[in-house]
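Novice: Sequence first, then the predicted structure:
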Amino acid sequence: MGLTRWRCAGLVGVLGYLGVLVLDTGSRLAIVVDDVGNLLSPAVAAGFCWAASRRLTGRHRLSWVLFTCFAATWAAGQGAWVWCELLRGRTVPFPGLPDIGYVASVPFLLLALVTHPDAPRLTSGRLRLTVDAVLIGASLFVLAWRVALAEEYRSAGAHGLAQVLGLTYPLLDVVVLSALLLVAARARGVDRRPFGLIAVCLAAGSVGNLAYGVMVQNGSWQPGGPVDAAWGIGFLFLAAGAWTDTGRTGRSALPPSAPVKATLLPYLPLTVVLTVAVRDALADRPIDRVGRLVGMVIFASIVLRQLLALLENSRLTRGLEETVAVRTEALRRTSEQLQRQAWSDPLTGLPNRARLFDLAEAALARGPAAVALLDLDGFKGVNDSHGHAAGDTLLTVVGERLAAALPPGATAARLGGDEFAFLLPGCDDEATARARSATLLAVLDQPVVVGGRSLVLTGSLGVAVSGSADTPSSMLRNADIAMYAAKAAGKDQVRVFEPSMRHALLARVALEADLRLALQEGAVVPWFQPVVDLQTGQLTGVEALARWPRESGLVPPSEFVPLAEKCGLIALLGTQVLRASCYQAAAWNTGAWNTGAWQDGAGLTLAVNLSAVQLASEDLVDTVRDALADSGLDPSRLILEITETVLMDDVEAAGPRLAALRALGVRIALDDFGTGWSSLGYLRSIPVDIVKIDRTFVQEVHLGPRQSALAAAVMTLARSLELEVVAEGIELPAQAARLRELGCRLAQGFLYSPAVPAHVLSAFLENPGDSFNGDRGFAFSVSPEHSC
């Protein structure tokens, strides 16, 4: 509200000031109002400019400080005018003391313009702008002098200092206006209001100076007239410009050099001047002293402008050369970095596959070479147990050690994951390749400390020695085949590629394809091995074992089960065996044979093995529940078998999952009990109902008390824990007899029957009394292919 009142008061004051000068020209009141107004307005402008310089920073501050000096110097000159005219009551002489302040203010004004944020930033640019302003101003002054001012001044009869000063005012006005135009042509400001108000101020002052000079020369000027208002009103616009400047007048998109219009502007009036000069020369019209003097100024300005242009061009050239050099160096570094990234492993810094291929091609072109491929055994366990950060650290340290262990000229590369490859130039025989590869494996024997823990890994390494037709791709493929052969042979060893390995690989690939098709078609089926009661000789249950019959015969489980684990089919295989065996057991338990007297009316139990992948699956409980529900098998008849090896993968997660399975009503059996160091601990930590004594404790149980002691201890422990015991691998009647003496109730093995197809066991179950005779086994015939 207070600001609005001040604005209204200022507007009323300005209107009153103009009204007095227009309506009462030349009166004493008009003179007083004129002199006081023209003193107050630059003083007020100086105050606003100073306030702006305190409020803003950088070039804004410097420019407004110079505008303050301009307004204050002009106010000093006007103060001398007031002192002479009002206080002393004398007519102000021309030239006089006030002219010192007026003329002295112009350099401050020019400096304020060339340091304005819209003006060039470099000193050379500011100097060039000043020269351009002088060139434009001098050219326009020559034109004005030629057209009107010369005759006017001659007729006025001015001499000496009065004549010089009379010419100085219009010349300075033209120079100032030229500088203003040049700065405006370069302006790219965000907020251009302050500069526009400054332009109005300077235009008003120039109009006032021009009118004053003309009226003084022709004797028509009188104090207290409307012309004098041009200065007072002009400084108010300067004050408004200082007030509205927020510091946002800097360039938003300033080009690196001056715009074309700013560059060409000085040449426009100069062209006109040259045209007039040529016309005067052709007409033999002499050039007076003022024309010659200003002409010299124009000539000097042109020379200086060209020198500045040359200096600026030289600076720009040097800057361009430096920029090009810097960018060229940056491009070179970027290119090298991109090449390193394209040819290097980001984790270890070793060469990658692409770089290895490139080096291998060059090495093979020079002579024989070998390629070795190393895969770290058990690295996945490090990632799972210690985290991926620990795994990355391990890979980095191992990579550094492997690279350091290579002979000169050899190269270590990381292909991804935990695979490393090595190029061994000059290696032309298997013995040398094997020896150098063994050196690399020895590096892995050194422990790696990760997270305060000492880790030791082994590796499987395959080597391929170059032949006459080998390429980097074929050598790496052969090394890969040899590496898998090393893994299959037990890991932690070196294998050199042999052609037979490729045949074995092709056979494995073909077998994998056939296995996938067999699982899709349901060709992998459960066979069943009987479980008998040692005390009564009765059949009590069966164990379901996966079998894959083919036209060529049975595929050994030792071949296709590990293959299913490697190619990710073990879960599907386990689920199919579980569901098929549940359906078959449910059919047997609801059949007419189930009323046989030798079975006492009890149904058969069904034991099914679980793999580590199945036990780790979150869907296991649902899978078992669905199999029981769909088949109709009583959950109490189903036994799920797990081994200690399966539990070792994640015993903490296995416990709750096994408990959930027991909640369905099924029982849990610990298979191959006693083969691992942790078996007794598992009996305490996981829910188990049955332990199956491994065949290693059964093979010599009949040879004497010492040989049967372990089996007896296991059965004693099981009875104390209220666990049921099943003995596996019974092959001799003497073994069965000794186990019966030790109190073992259930057993299975080839003494009774190998695993047989469902239809074979079904035929026996229809007439059990006629075909079973105690420890001599079941009396059905089993073909050789059924004896697995």
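Specialist: All right, it came through fine. In this text, all values refer to a predicted model and were calculated from it rather than measured experimentally.

Novice: contacts, neighbours, all on C-alpha from now
Specialist: Will do.

Novice: Give the bridge partners for residue 527, please.
Specialist: residue 545 (DSSP bridges).

Novice: State the distance from it to residue 549.
Specialist: To residue 549, residue 527 is 10 Å away according to Cα to Cα, to the nearest Å.

Novice: do the same with residue 47
Specialist: 106 Å.

Novice: do residue 340 as well
Specialist: Distance from residue 340 to residue 549, by Cα to Cα: 54 Å.

Novice: Tell me which helix or strand comes right after the helix or strand hosting residue 307.
Specialist: In this assignment (DSSP states H and E), residue 307 forms part of helix 289-343. Toward the C-terminal end, the helix or strand that comes next after helix 289-343 (DSSP H and E) is helix 353-366.

Novice: quick one, that next one and helix 289-343 angle?
Specialist: Here helix 353-366 runs at an angle of 80 degrees relative to helix 289-343 (axes from the mean of the first three to the mean of the last three Cα atoms, to 10 degrees).

Novice: what packs against whichever helix or strand comes after helix 353-366?
Specialist: Beyond helix 353-366 on the C-terminal side, the first helix or strand identified by DSSP H and E is strand 369-377. When contacts are defined as 3 or more Cα pairs under 8 Å, 6 or more residues apart in numbering; DSSP states H and E, strand 369-377 packs onto strand 419-425, strand 458-465, helix 472-488.

Novice: what's the most buried one of the ones you listed?
Specialist: Among those, strand 458-465 has the highest mean neighbour count (mean count of other Cα atoms under 10 Å), at a mean of 28.

Novice: and that strand, what does it pack onto?
Specialist: Using 3+ Cα pairs under 8 Å, 6+ apart: strand 458-465 touches strand 369-377, helix 430-443, helix 472-488, strand 493-496.

Novice: who does the last one pair up with?
Specialist: Pointing back at strand 493-496 there. Assessed with DSSP bridges, strand 493-496 is paired to strand 458-465 (parallel).

Novice: so how far is the strand or helix carrying residue 46 off the chain centroid?
Specialist: Take DSSP H and E as the rule and residue 46 turns out to sit in helix 28-55. Counting by Cα atoms, centre = their mean, to the nearest Å, helix 28-55 is centred 61 Å from the centre of its parent chain.

Novice: Just the buried residues of it, please?
Specialist: 30-53 (16 or more other Cα atoms under 10 Å).

Novice: sorry, back to before: mind giving me the packing neighbours of the helix holding residue 307?
Specialist: Helix 289-343 packs on helix 123-144, helix 353-366, going by 3+ Cα pairs under 8 Å, 6+ apart.

Novice: Confidence-wise, which of those helices is weakest overall?
Specialist: Looking over the helices and strands packed on helix 289-343, mean pLDDT reaches its minimum on helix 123-144, with a mean of 66.

Novice: re earlier: may I see the helices and strands packed on strand 369-377 organised as CSV, with mean pLDDT and distance to residue 565 added?
Specialist: Below are these laid out as CSV (pLDDT from 0 to 100; distance: least, Cα to Cα, whole Å):
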stretch, mean pLDDT, distance to residue 565
strand 419-425, 91, 20
strand 458-465, 90, 19
helix 472-488, 88, 13
